[in-house]
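A.B. asks: quick one: sequence plus predicted model below, questions after.
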Amino acid sequence: MSSITAKPYAKTPRHRVAFLGLGVMGYPMAGHLARAGHHVTVYNRTATRAQAWVDEFGGRSAPTPREAAEGADVVLSCVGNDNDLRSVVLGDDGALNGMAPGSRFVDHTTASAQVARELHAAAAERGVGFVDAPISGGQAGAVNGMLTVMCGGRATDYESVQAILHTYAQAVTLMGDPGAGQLCKMVNQICVAGVLQGLAEALAFGRTAGLDMDKALGVISKGAAQSWQMDHRGASMLEGRFDFGFAVDWMRKDLGLVLDEAARNGASVPCTALIDQFYADVQRMGGKRWDTSSLIARLLK
C-alpha cells in the first residue's frame, strides 16, 4: 500500500527534481512528486530510508546532497533545523555545490528567517534561486497532498516553482522577501499554540465542573469557539490520546524560533513564552513525542 493518498495531479511540465530529507513530511511529499511524473532523486541521512522510498516510488537515491542535486532543475529540502539545513546545502557535499546556475532551491524546513536569508545569499552567488517555504498541515496534509506553503524569496524564483509545490499543497503563497515564509510560519505556530492552550484549559475546566464534555464539544463547535484544533483534537484530548501528530519536541523547537525572532524584532509575545514553558512541563512528564494537544495532560494530572 502506498504511503500517500492519490490525488489528481495537474498536467505540468516534468522536471528533474531532487528531494533532501525523507522524514514523516518529506517522504510523502517526495512521493507525490514521483507520482506526478517528475524525475526524482532523493537523499536521506539514513540511506536505508532513501532505499525504501526508491523501492516504493521508483526514481533513484544519491549518497550525498551534492550528487542528488546534480542535473536537477529544482532541489527541495525538508530537514530538522538550521544546522541540518546548512549541512545539506553548504560545503563540498552540499546541494549548492552540485547545482547549475538558473536552477532553484526550495526549503520546506521550519527554520529561522536568518538562515533563510543566509542561504538565499549563498545561492545567489552561484546564480541559483532560493525560496524559503515552510509548511503547515502536519503528516496528514503531506500524505494527502493538502499542505499549506508559506514562501519567501524573489517573485521570479517563486513563480518558477509554484506549480511543483502544488503537487503536494492545496495553498501556496508568496509572503515577501527571503525569510518572509519563515516569519509567516512563526505566526502560524503562535496561533496554534494559543488555540491549543485555550482548548486545553476549557476542556479541563468543563470536566472539573462536571459537564458532559462530549456534549459540550458538540455544542460549542457549532459556534464562535469552533476551530480546526477543536474539531480534530478535542475528542482525543478528552480521551488522553496523544500518540500521533506533531510532536511536542518539534513545537518547542518552533516556539524557540519565535522567541528568538521576537527578541530581535522587539515583538511582545508573553502568552507564547508561557505556553513554551507549559510544553517544557509536558516534556518533563515524558511527553516529548506526544502530539501538541497534550497540553491538557498537565491540567488533568
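C.D. replies: Happy to help now that I have it. Numbering: from 1, shown residues only.

A.B. asks: quick check: closest non-adjacent residue to Asp93.
C.D. replies: Thr64 (4.2 Å; C-beta to C-beta, 6 or more residues apart in numbering). From N, CA and C alone the C-beta is placed, and that goes for glycine too.

A.B. asks: now the strands for the stretch 51-200 of the chain?
C.D. replies: The residue ranges that make up the strands of the stretch 51-200 of the chain, judged by DSSP state E, counting those that start in this stretch, are 60-61, 74-77, 104-107, 129-132, 135-136, 147-152, 169-176.

A.B. asks: quick one: list the elements packing against the longest one.
C.D. replies: Strand 169-176 is packed against strand 147-152, helix 155-165, helix 180-208, with contacts defined by 3 or more C-beta pairs under 8 Å, 6 or more residues apart in numbering; DSSP states H and E.

A.B. asks: picking up where we left off before, wait, the residue nearest to Asp93 touches Arg45, no?
C.D. replies: No: the pair Thr64 / Arg45 is not scored as a contact, 10.3 Å apart, by C-beta atoms under 8 Å.

A.B. asks: okay, helices next: where are they in the chain?
C.D. replies: 26-35, 47-57, 65-69, 82-89, 113-125, 138-144, 155-165, 180-208, 213-220, 228-239, 248-265, 270-284 (DSSP state H).

A.B. asks: in JSON lines: these, plus mean pLDDT.
C.D. replies: JSON lines is the format used below for the helices of the chain (pLDDT from 0 to 100):
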{"stretch": "helix 26-35", "mean pLDDT": "98"}
{"stretch": "helix 47-57", "mean pLDDT": "98"}
{"stretch": "helix 65-69", "mean pLDDT": "98"}
{"stretch": "helix 82-89", "mean pLDDT": "98"}
{"stretch": "helix 113-125", "mean pLDDT": "98"}
{"stretch": "helix 138-144", "mean pLDDT": "95"}
{"stretch": "helix 155-165", "mean pLDDT": "98"}
{"stretch": "helix 180-208", "mean pLDDT": "98"}
{"stretch": "helix 213-220", "mean pLDDT": "98"}
{"stretch": "helix 228-239", "mean pLDDT": "97"}
{"stretch": "helix 248-265", "mean pLDDT": "98"}
{"stretch": "helix 270-284", "mean pLDDT": "98"}
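
A.B. asks: make CSV from those helices and add distance to Lys301 to it.
C.D. replies: CSV is the format used below for those (distance: least, C-beta to C-beta, whole Å):
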stretch, distance to Lys301
helix 26-35, 35
helix 47-57, 37
helix 65-69, 44
helix 82-89, 34
helix 113-125, 37
helix 138-144, 26
helix 155-165, 42
helix 180-208, 10
helix 213-220, 17
helix 228-239, 14
helix 248-265, 16
helix 270-284, 10
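
A.B. asks: so Val75 touches Ala95, yeah?
C.D. replies: Yes: counting by C-beta under 8 Å, Ala95 is a contact partner of Val75 at 5.1 Å.

A.B. asks: joint contacts of these two?
C.D. replies: Residues touching both Val75 and Ala95 comprise 18, 20, 68-69, 105, with contact defined as C-beta atoms under 8 Å, 6 or more residues apart in numbering.

A.B. asks: can you name the two of the residues you listed that sit furthest apart?
C.D. replies: Ala68 and Phe105 (11.8 Å; C-beta to C-beta).

A.B. asks: touching both of these two, which residues are there?
C.D. replies: 75, 95.
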